[in-house]
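A.B. asks: Here is a sequence together with a model predicted from it:
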Amino acid sequence: MCAHLKKLKDRGQKKILVIVSEGAIRQEPQAHQVRPAAVPVPYGAHDRLILQQRLGATASPVLPPDVHLQQDVSGPDLSLPVPAIATRKRRIGILTSGGDSQGMNAAVRAVVRMAHVKGLDPWAIYDGYQGLVDNVMRPLAWADVQGLLRLGGTVIGTARCMAFRERAGRLTAAQHLVESGIDALVVIGGDGSLTGADRLRAEWGSLLDELLETQRISQDQRETYAHLNIVGLVGSIDNDMSSTDMTIGCVSALHRICEAVDAIEATALSHGRAFVVEVMGRHCGWLALTAALASAADWLFVPERPPLVDNWEEEMCAHLKKLKDRGQKKILVIVSEGAIDKNLKPIKSEYVRDLLAAKLKFDARVTTLGHVQRGGSPCFYDRYLGTVQGVRAVDEILRATPETPSPMIGISNNKITVEPLVQAVTLTHAVSAAIEDKDFARAMELRDPEFATSFDTFVAMNNLPVSVTGGLGVGVARLPRTLAASPTQNAREVPTPAVPESGHRPADRDPAHWRTRRVPGWDWGFGRRAGCPRTLAASATQKRARKCRHPRCRSRAPACGSGILHIGAPAGGSNAATRAAALLALNRGHTPLAIYNGVEGLVRGDWKPLTRRIVQNWTARGGSELGTNREQPGAQLGLCAYQLQRAGIQALLFVGGFEAFSGDARAGYGSKGRRIGILTSGGDSQGMNAAVRAVVRMAHVKGLDPWAIYDGYQGLVDNVMRPLAWADVQGLLRLGGTVIGTARCMAFRERAGRLTAAQHLVESGIDALVVIGGDGSLTGADRLRAEWGSLLDELLETQRISQDQRETYAHLNIVVLGGTIDNDMSSTDMTIGSISGFAPHLVVHEAIKTRS
Ligand SMILES: Nc1ncnc2c1ncn2[C@@H]1O[C@H](COP(=O)(O)OP(=O)(O)OP(=O)(O)O)[C@@H](O)[C@H]1O
Ligand SMILES: O=P(O)(O)OC[C@H]1O[C@](O)(CO)[C@@H](O)[C@@H]1O
């Protein structure tokens with residue numbers, strides 16, 4: 001180690017940094033063994049002294065008097081490997097292009113360092129392609145890239161170079177590359193920059209031919225530089241490149257947005273104002289979407305998923321008004337710079353602000369975050385990504401043959417990936433093309449797989465009108481990330497059996513197929529046993545009805561009556577959905593009933609069976625054939641229940657937006673779903689609050705009943721729990737620590753403690769538990785799971801619970817989330833809090849806030 005570090009010093013590196021994990025161990029050398037060889041010895045003052053002595057570094061530990069320094073720690077020779085056959089030292093050019101982004105410097109540093117390690121000759125090209133055109137380049141030494149990791153922007157400059165867009169510019173660039181002896185190029189930039197790189201790659205041969213013909217290069221140069229290796233690294237805050245999950249800089253920009261929105265929230269709350277925050281992203285809504293999720297925005301506009309209806313203004317205002325009426329003090333709308341409506345007309349922040357002011361009388365303001373998002377120090381993730389991708393770029397240059405397609409280094413599922421540059425560029429352009437063609441579903445699919453899921457999550461968590469925002473299933477049929485599969489091809493791969501119009505299952509179709517197949521959006525009852533309950537008093541209609549023909553209904557149960565109603569604003573597709581549902585029901589031998597005019601019609605008993613003839617032309621028909629309004633069951637719920645029984649309706653399909661959710665009778669009728677306990681345990685970590693908030697909000701959306709258990713397992717043992725309302729978890733996203741407290745509970749380590757905990761869970765009616773904590777906490781959860789049966793038996797024997805409780809709570813569902821800064825859990829790449837632990841300024845910031 002010392003030999004290696006000394007070399008760094010000799011090369012001009014001014015400071016040395018050694019990172020020692022709290023748990024780092026070494027083995028005592030045999031010669032001076034004071035403990036058995038296998039006994040690990042922690043690093044400490046001893047090692048600092050060695051460093052000090054060997055390097056003359058200024059680390060000055062106070063040494064314990066009994067430290068002996070006899071052993072030789074110089075170790076093996078770690079001199080930097082030099083390539084065995086170094087005919088011509090290859091020269092790599094490095095440039096950063098397009099908008100700067102945090103982490104570009106980390107990538108430059110990694111390429112330069114790795115190039116030196118591998119015996120290559122790294123050169124900086126200044127100001128992106130402009131430096132190629134103007135011939136502004138210079139070699140970079142090892143020490144030149146010192147201290148870059150923590151610097152935002154790009155120290156080698158960037159530009160949006162118009163000249164390079166023309167062949168003449170690229171011709172000059174090629175000449176300068178050849179003259180400088182550069183035969184490999186690492187381009188760090190966004191989609192535009194990588195498009196430029198791809199053009200240079202494609203034209204390289206013809207550019208050299210032209211240079212030779214015009215005698216700007218020699219025949220010898222033409223041959224020597226016949227191949228230019230180009231590697232692309234994606235550096236852009238927009239995260240707009242296909243074939244990679246993350247671009248270098250996007251996470252730092254997101255941090256910046258979150259900090260800014262936190263700051264805005266303070267003033268918004270004080271005045272009770274609505275804020276429209278505009279974030280960057282010319283063609284890509286990733287920043288807006290993730291920021292909306294991370295800062296609990298109430299509405300969102302992104303280019304890939306414009307509002308799906310023409311009257312989105314009214315829908316948005318109606319939704320936001322509801323929030324205000326519910327007592328929410330501030331409103332936050334996030335608008336992506338490139339937001340558009342479904343006719344591709346830009347949606348400007350000022351327009352949204354004016355709407356909120358005019359229609360809802362909100363005191364509304366716009367904040368455009370602008371270049372603040374691109375500024376500042378890179379967060380851990382971007383330093384990491386820039387570094388590992390930079391290293392990989394040099395590897396790829398060394399590995400490349402003239403036949404190798406130019407690669408783009410990406411990251412997918414936390415693994416560094418290498419994709420053909422041309423494919424990534426083509427796919428990225430396909431997103432823009434899909435948006436231009438108004439094929440928004442395809443645009444969503446072509447973004448990375450998490451994009452649609454995140455969008456669905458935003459819609460679900462905010463209970464947004466799906467008719468306006470889409471979501472909730474848009475992302476279900478994901479395309480593989482290659483252009484090869486169009487949506488239709490995809491559908492062919494996973495064949496979806498057509499619903500037979502005849503009403504009969506084709507004889508040649510394998511019944512097993514029908515048994516296992518799930519019909520998207522229609523898996524809540526038709527034809528299943530659960531959907532044909534004999535226990536319900538069957539009405540006369542039902543008794544007359546045919547038997548259910550679904551293979552699972554072997555019970556010969558009577559066919560089900562199924563009601564369909566429209567609710568909320570009319571939305572394109574409502575009739576098509578109704579037709580599909582009606583046909584499916586008819587095909588399975590059930591009776592679909594149209595309920596006219598929503599809940600109002602249900603209360604009045606205004607329904608009629610739907611036939612194939614009635615629904616035949618509904619696919620393309622706009623508006624609502626059944627009639628719709630915003631009425632909710634409310635106080636008339638009893639009457640609704642009566643009418644449902646009268647009509648023999650055992651399944652009800654709401655086609656609608658927000659009201660379809662809140663109109664779900666069960667949500668407001670005391671038939672609250674299962675009770676979930678949530679606890680945070682062990683050391684607190686940043687993001688635990690976000691997890692608590694998400695569980696609580698999602699539980700409410702799904703009609704469950706979330707309860708907080710305070711101070712981890714201690715709260716279970718001491719019975720300190722309470723229900724959490726929707727509003728209880730407001731503002732949690734930005735709080736460090738855990739608001740429901742945590743503890744290292746000794747009692748829970750013993751069976752007696754777990755017995756008491758089990759009793760309290762049963763008494764509180766909790767039958768599902770979400771545990772957020774580190775490995776110890778999760779071990780505790782696993783023990784509770786394993787013992788649950790025996791704990792309940794013991795509680796029953798000792799008469800601490802009743803026989804009835806024993807049966808009702810026979811199963812406890814436990815779900816665990818890894819929440820610890822240590823990132824020490826298996827089976828997950830990241831634990832909640834581990835990334836914040838890498839950004840000390842955030843930790844300090846959060847720690848101060850948490851304490852105060
Ligand atoms: N089709 C192209 N042909 C040649 N060069 C191009 C092409 N597109 C872009 N470039 C070059 O790449 C530069 C940067 O592109 P652009 O301005 O689109 O930024 P970007 O790389 O997409 O980064 P960001 O995402 O941060 O905006 C352009 O100024 C131009 O020099
Ligand atoms: O800094 P400039 O050249 O104004 O470019 C701004 C654009 O660059 C980006 O920040 C991408 O880097 C876009 O989000 C934004 O539209």
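C.D. replies: Arrived safely, thanks for sending. Because the structure is a prediction, the values reported are computed rather than measured. Ligands and ions are numbered 1, 2, ... in the order given.
A.B. asks: Which phi and psi values does the residue nearest to Ala571 when sequence neighbours are not counted adopt?
C.D. replies: Take Ala571 and drop its neighbours on the chain: the residue closest to it by Cβ to Cβ, 6 or more residues apart in numbering is Ser467, 3.4 Å away. C-betas here are computed from N, CA, C, even on glycine. Taking degrees, to the nearest 10, you get phi -60, psi -30 for the backbone angles of Ser467.
A.B. asks: next one: Met114
C.D. replies: phi -70, psi -40.
A.B. asks: Just the pLDDT for it.
C.D. replies: Confidence at Met114, expressed as pLDDT, is 97.
A.B. asks: and if you look at Phe458?
C.D. replies: 89.
A.B. asks: how much space between it and Cys258?
C.D. replies: Shown here: Phe458 relative to Cys258, a distance of 15 Å by Cβ to Cβ, to the nearest Å.
A.B. asks: who's more crowded, those two?
C.D. replies: Phe458 (23 against 17; other Cβ atoms under 10 Å).
A.B. asks: Work out for me the element that one sits within.
C.D. replies: Per DSSP states H and E: Phe458 is located in helix 449-461.
A.B. asks: Report all helices and strands that that helix contacts.
C.D. replies: In this structure, helix 449-461 packs against helix 286-294, helix 440-446, helix 688-701, with contacts taken as 3 or more Cβ pairs under 8 Å, 6 or more residues apart in numbering; DSSP states H and E.
A.B. asks: Next, format these as CSV and append mean neighbour count.
C.D. replies: Shown next, in CSV, are those (neighbours: other Cβ atoms under 10 Å):
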stretch, mean neighbour count
helix 286-294, 25
helix 440-446, 22
helix 688-701, 21
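A.B. asks: So which of those helices is nearest ligand 1?
C.D. replies: Nearest to ligand 1, of all the helices and strands packed on helix 449-461, is helix 286-294, at 11.2 Å by Cβ to the nearest ligand atom.
A.B. asks: Show me what the helix or strand following the closest one is in contact with.
C.D. replies: Using DSSP H and E, the next helix or strand after helix 286-294 towards the C-terminus is strand 299-301. Residues from elsewhere that reach strand 299-301, judged by Cβ atoms under 8 Å, 6 or more residues apart in numbering: 285, 288-289, 292, 307, 316, 319-320, 333-336, 339, 347, 352, 458, 462, 464, 469.
A.B. asks: Show me which residues of the helix or strand that strand 299-301 is followed by are buried.
C.D. replies: Using DSSP H and E, the helix or strand that follows strand 299-301 in sequence is helix 312-325. By neighbour count with 16 or more other Cβ atoms under 10 Å, helix 312-325 contains the buried residues 312-313, 315-321, 323-324.
A.B. asks: Need the mean per-residue confidence for helix 312-325.
C.D. replies: Helix 312-325 comes out with an average pLDDT of 93.
A.B. asks: what sits up against that helix?
C.D. replies: Contact with helix 312-325 is made by 274, 298-299, 307, 309, 331, 333, 341, 355-356, 359-360, 362, 464-465, 467-468, 569, 657-658, as judged by Cβ under 8 Å, 6+ apart.
A.B. asks: and these, which of them are in helices?
C.D. replies: 355-356, 359-360, 467-468, 658 (DSSP state H).
A.B. asks: Can you tell me which of the residues you listed comes closest to Asn229?
C.D. replies: Nearest to Asn229 among those is Val468, at 48.5 Å by Cβ to Cβ.
A.B. asks: buried sites along stretch 125-138?
C.D. replies: 125-134, 137.
A.B. asks: show me the contacts for the residue lying closest to Leu735 once chain neighbours are set aside.
C.D. replies: Using Cβ to Cβ, 6+ apart and skipping residues adjacent in sequence, the residue nearest Leu735 is Asn689, 4.8 Å away. By Cβ under 8 Å, 6+ apart, the contact set of Asn689 is 732-733, 735-739.
A.B. asks: returning to that earlier point: okay, the buried residues of stretch 125-138 in a markdown table with pLDDT next?
C.D. replies: Shown next, in a markdown table, are those (pLDDT from 0 to 100):
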| residue | pLDDT |
| --- | --- |
| Ile125 | 98 |
| Tyr126 | 97 |
| Asp127 | 96 |
| Gly128 | 97 |
| Tyr129 | 98 |
| Gln130 | 97 |
| Gly131 | 97 |
| Leu132 | 98 |
| Val133 | 98 |
| Asp134 | 97 |
| Met137 | 96 |
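A.B. asks: and the stretch 51-200 of the chain, which residues reach ligand 2?
C.D. replies: Residues of the stretch 51-200 of the chain lying close to ligand 2 (Cβ under 6 Å from any ligand atom) are 99, 160, 190.
A.B. asks: circling back to that earlier point, with distance to ligand 1 and pLDDT added, can I get the ones in helices among the contacts of helix 312-325 in a markdown table?
C.D. replies: Formatted as a markdown table, the ones in helices among the contacts of helix 312-325 follow (distance: Cβ to the nearest ligand atom, whole Å; pLDDT from 0 to 100):
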| residue | distance to ligand 1 | pLDDT |
| --- | --- | --- |
| Leu355 | 29 | 96 |
| Leu356 | 30 | 96 |
| Lys359 | 35 | 94 |
| Leu360 | 35 | 93 |
| Ser467 | 33 | 80 |
| Val468 | 29 | 84 |
| Phe658 | 35 | 63 |
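A.B. asks: just how off-centre is stretch 198-215 within its chain?
C.D. replies: Relative to its parent chain, stretch 198-215 has a centroid offset of 42 Å by Cα atoms, centre = their mean, to the nearest Å.
A.B. asks: pLDDT of that stretch, averaged?
C.D. replies: 96.
A.B. asks: just stretch 280-294 next, same as before
C.D. replies: 94.
A.B. asks: near ligand 2 at all, that stretch?
C.D. replies: Yes - contact of stretch 280-294 with ligand 2 (Cβ under 6 Å from any ligand atom) involves 280-282.
A.B. asks: so which of the residues you listed is the most crowded?
C.D. replies: Greatest neighbour count in these, by other Cβ under 10 Å, goes to Gly281: 27 neighbours.
A.B. asks: closest point of the stretch 51-200 of the chain to ligand 2, which residue?
C.D. replies: The minimum distance from the stretch 51-200 of the chain to ligand 2, using Cβ to the nearest ligand atom, falls at Gly99 (2.3 Å).
A.B. asks: Backbone dihedrals for the residue of the stretch 201-350 of the chain found nearest ligand 2, both of them.
C.D. replies: Distance from ligand 2 to each residue of the stretch 201-350 of the chain (Cβ to the nearest ligand atom) is smallest for Met280, at 3.3 Å. The phi/psi pair for Met280 (degrees, to the nearest 10) reads phi -70, psi 170.
A.B. asks: Who are the contact partners of it?
C.D. replies: Each residue near Met280 by Cβ under 8 Å, 6+ apart is listed here: 237-238, 253, 287, 336-337, 369-370, 373-374.
A.B. asks: can you do 7 Å?
C.D. replies: 237-238, 287, 337, 373 (Cβ atoms under 7 Å, 6 or more residues apart in numbering).
A.B. asks: among those, which are in helices?
C.D. replies: Leu287.
A.B. asks: Keep only the contacts of Met280 that also lie close to ligand 1.
C.D. replies: Counting by Cβ under 6 Å from any ligand atom, the members of these near ligand 1 are Asp238.
A.B. asks: Could you list the contact residues of this structure toward ligand 1?
C.D. replies: 97-99, 129, 160-161, 164-165, 189-193, 195-196, 199, 236, 238.
A.B. asks: circling back to that earlier point, and the contacts of helix 312-325, which are buried?
C.D. replies: Applying 16+ other Cβ under 10 Å to these flags 274, 298-299, 307, 309, 331, 333, 341, 355-356, 360, 362, 464-465, 467-468, 569, 657-658 as buried.
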